[in-house]
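Asks: Generate coordinates for the sequence data below:
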Amino acid sequence: MRVGILAVQGDYEAHADALTRLGVEGVLVRKPAELEGVEALILPGGESTTQMKFLREEGLDKAIREFAGRGGALFGTCAGAILLAREVRNPAQESLNLADIVITRNAYGRQVASEIRQGTSQLGQGQLEMVFIRAPVIADVGKGVDVLAESEGRAVLVRQGKVLVATFHPELSAETTVHAFFLKLARNGH
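Replies: Prediction:
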């Protein structure tokens, strides 16, 4: 399996390392043609408005929507979660509208440093390590969206079909649980 990683901002190399630990090839994606031959795509953290501008300018916004329409699996972390949301608030911004969730940006405050928490998870282990960095909040989930993990009473990891969204950074944890789940989702659709 080849998994694309949007290589615009964020720690895309950490996502590549997590995939390598799971025996999967990570392919850096910066242009629509680089999506060819990948079965799944990770949209990492960074600054979401800058990333969306880049996606539009390169034609990747349309290419990612088409990729999803062909059954490609998507995984957005932090800013990537914002990009995949149906609606973004605080402030409003354009998104890809590929997951039926509403995201509120910067709702955890203006934190400067990372915060590591343990949260409940439906991924086969009780607690999951979660690294938050100026994390957005999932304010609302639509029908057909499964909440897979929570922290402090909020959904922080959700799935809709072959789209996985995390408001935290699983690539910054030594655990590969979330990436392994994404690979299973990409292969099997559930």
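
Asks: for the chain, what spans make up the helices?
Replies: According to DSSP state H, the chain carries its helices in the segments 12-21, 48-58, 60-69, 79-84, 177-188.

Asks: Mind putting those into a markdown table with mean pLDDT?
Replies: What follows is the helices of the chain, written out as a markdown table (pLDDT from 0 to 100):
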| stretch | mean pLDDT |
| --- | --- |
| helix 12-21 | 96 |
| helix 48-58 | 94 |
| helix 60-69 | 97 |
| helix 79-84 | 96 |
| helix 177-188 | 96 |
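
Asks: can you tell which of those helices is closest to Val38?
Replies: Val38 lies closest to helix 60-69 among those, at 8.2 Å (C-beta to C-beta). For glycine as for every other residue, the C-beta is placed from the backbone atoms N, C-alpha and C.

Asks: by contact count, what packs against that closest one?
Replies: With contacts defined as 3 or more C-beta pairs under 8 Å, 6 or more residues apart in numbering; DSSP states H and E, helix 60-69 has these neighbours: strand 40-43, helix 48-58, strand 73-77.

Asks: Can you tell me which of the helices of the chain is packed in deepest?
Replies: helix 79-84 (a mean of 29; mean count of other C-beta atoms under 10 Å).
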